[in-house]
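Participant: Okay, sequence plus prediction incoming.
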Amino acid sequence: MDYSERLGRFVKFLKASQRIAVLSGAGMSTESGIPDFRSSSGLYKTVTSEEVFDIGCFRRSPEKFYDVIAPLYVSMLEAKPNSGHKALSELELDCGKDVIVATQNIDGLHQKAGSKVVHELHGGMLSLTCQSCGGQVPASAVDADLRSGKVVRHRPTCNGVLKPDIVFFGEMLPEGAFSASISAMKRADLVLVLGTSLAVYPAASLPGLRRGGTPLVIVNKTETNQDDNADLVFHESLGEVLPQALKQLKSGL
């Protein structure tokens, strides 16, 4: 099936659906300039994940984490939603679809684009929690330290180390976000997998929870282990596929 045929079928799925559940990954944000940790040039190829995102290592040596994370924080702060993010939000705002996003990303771009319901399976970089007193602060309040790569502390209160509210290796996923994502997948009449290779569990298990007969559409530049089980697969750019499908959908409304 060529691209135009697949796109037309995708539009038919969108038109027939009302409850759309989305699982998004790093490929959703690379077109906004945020690097994919697992790509050939990603963070995990230069620094092992255990050195950066292991909770035990963070507690022992938070300075290592902050030294590495500074440029990533800046790139996330300055990044803008791309056409793929915007197309998802327009499915809600312009087309009246009930869209629930479960994302493995920590950049907040879905929210910036206007998506109403976003479950952050791996947490987010826009707030931090003190490891001593449990107090939470917005990243904007400690922006200078985050940009500089210094260890961020809870000043002027207890001076404890602040940890970004992202899920480190050795920590559990946020129970509420994961539970809500499971519910969304089970009640959806269309499931979209966007920009993830479905290699990281338990998030990768979510599309398999959809009801029998619910279409699965995968848009990812590389193959996934669920391509054979999907109703449609696109290895083209998210920034092309989603806006083009949305445009055709709108023209038929």
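Facilitator: Looks like it arrived, so ask away. Residues are numbered from 1 along each chain as shown.

Participant: Which stretches in this protein count as helices?
Facilitator: Remark: helices assigned in the chain by DSSP state H are 3-16, 43-46, 49-53, 55-60, 62-78, 83-93, 109-113, 143-148, 175-187, 238-251.

Participant: Need the ones you listed in TSV (columns: mean neighbour count and distance to Thr103).
Facilitator: Yep, even glycine has a C-beta here, placed from its N, CA and C like the rest. Converted to TSV, these look like this (neighbours: other C-beta atoms under 10 Å; distance: least, C-beta to C-beta, whole Å):
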stretch	mean neighbour count	distance to Thr103
helix 3-16	16	19
helix 43-46	14	18
helix 49-53	17	17
helix 55-60	15	21
helix 62-78	17	13
helix 83-93	22	10
helix 109-113	21	6
helix 143-148	15	21
helix 175-187	16	9
helix 238-251	19	13
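
Participant: between those, which gets the lowest average pLDDT?
Facilitator: Ranked by mean pLDDT, these end with helix 43-46 in last place, scoring a mean of 46.

Participant: mind listing what Gln104 touches?
Facilitator: When contacts are counted by C-beta atoms under 8 Å, 6 or more residues apart in numbering, Gln104 touches Leu23, Ser24, Gly25, Ala26, Leu121, His122, Thr196, Val200, Ala203.

Participant: In PyMOL, how would I select just the buried ones from the residues you listed?
Facilitator: Selecting just the buried residues from these in PyMOL takes one command, with 16 or more other C-beta atoms under 10 Å as the test:
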select buried, resi 23+24+25+26+121+122+196+203
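
Participant: Looking at the contacts of Gln104, spot the one nearest Pro215.
Facilitator: Each of the contacts of Gln104 was scored against Pro215 by C-beta to C-beta, and Leu23 proved nearest at 14.0 Å.

Participant: That closest one is in contact with Ser205, isn't it?
Facilitator: No - counting by C-beta atoms under 8 Å, Leu23 sits too far from Ser205 to count as a contact (9.9 Å).

Participant: Residues that sit against both of those two, list them.
Facilitator: Common neighbours of Leu23 and Ser205 (criterion: C-beta under 8 Å, 6+ apart): none identified.

Participant: coming back round to it: just so I know, which of the helices of the chain lies nearest Ile100?
Facilitator: Sorting the helices of the chain by C-beta to C-beta, the top spot, which is the nearest, belongs to helix 175-187 at 4.0 Å.

Participant: what about stretch 74-89, how long is it end to end?
Facilitator: Distance across stretch 74-89, first residue to last, is 24 Å (C-alpha to C-alpha, to the nearest Å).

Participant: distance of the closest residue in space to Val74 that isn't next to it in sequence from Ile69?
Facilitator: Ranked by C-beta to C-beta, 6 or more residues apart in numbering and with sequence neighbours excluded, the top spatial neighbour of Val74 is Arg147, at 5.8 Å. In this structure, Arg147 lies at 10 Å from Ile69, with C-beta to C-beta, to the nearest Å as the measure.

Participant: all strands of the stretch 151-253 of the chain, in order?
Facilitator: Taking DSSP state E, counting those that start in this stretch to define them, one finds strands in the stretch 151-253 of the chain at 162-166, 190-194, 216-219, 232-234.

Participant: Paired strands for the last one, with orientation please.
Facilitator: The reference is to strand 232-234. Taking DSSP bridges as the criterion, strand 232-234 forms sheet pairs with strand 216-219 (parallel).

Participant: re the thing from before, looking at the strands of the stretch 151-253 of the chain, which has the lowest confidence?
Facilitator: Lowest mean pLDDT of the strands of the stretch 151-253 of the chain: strand 162-166, a mean of 95.

Participant: Mind giving me the packing neighbours of that one?
Facilitator: For strand 162-166, the contact count by 3 or more C-beta pairs under 8 Å, 6 or more residues apart in numbering; DSSP states H and E identifies strand 123-130 as packing neighbours.
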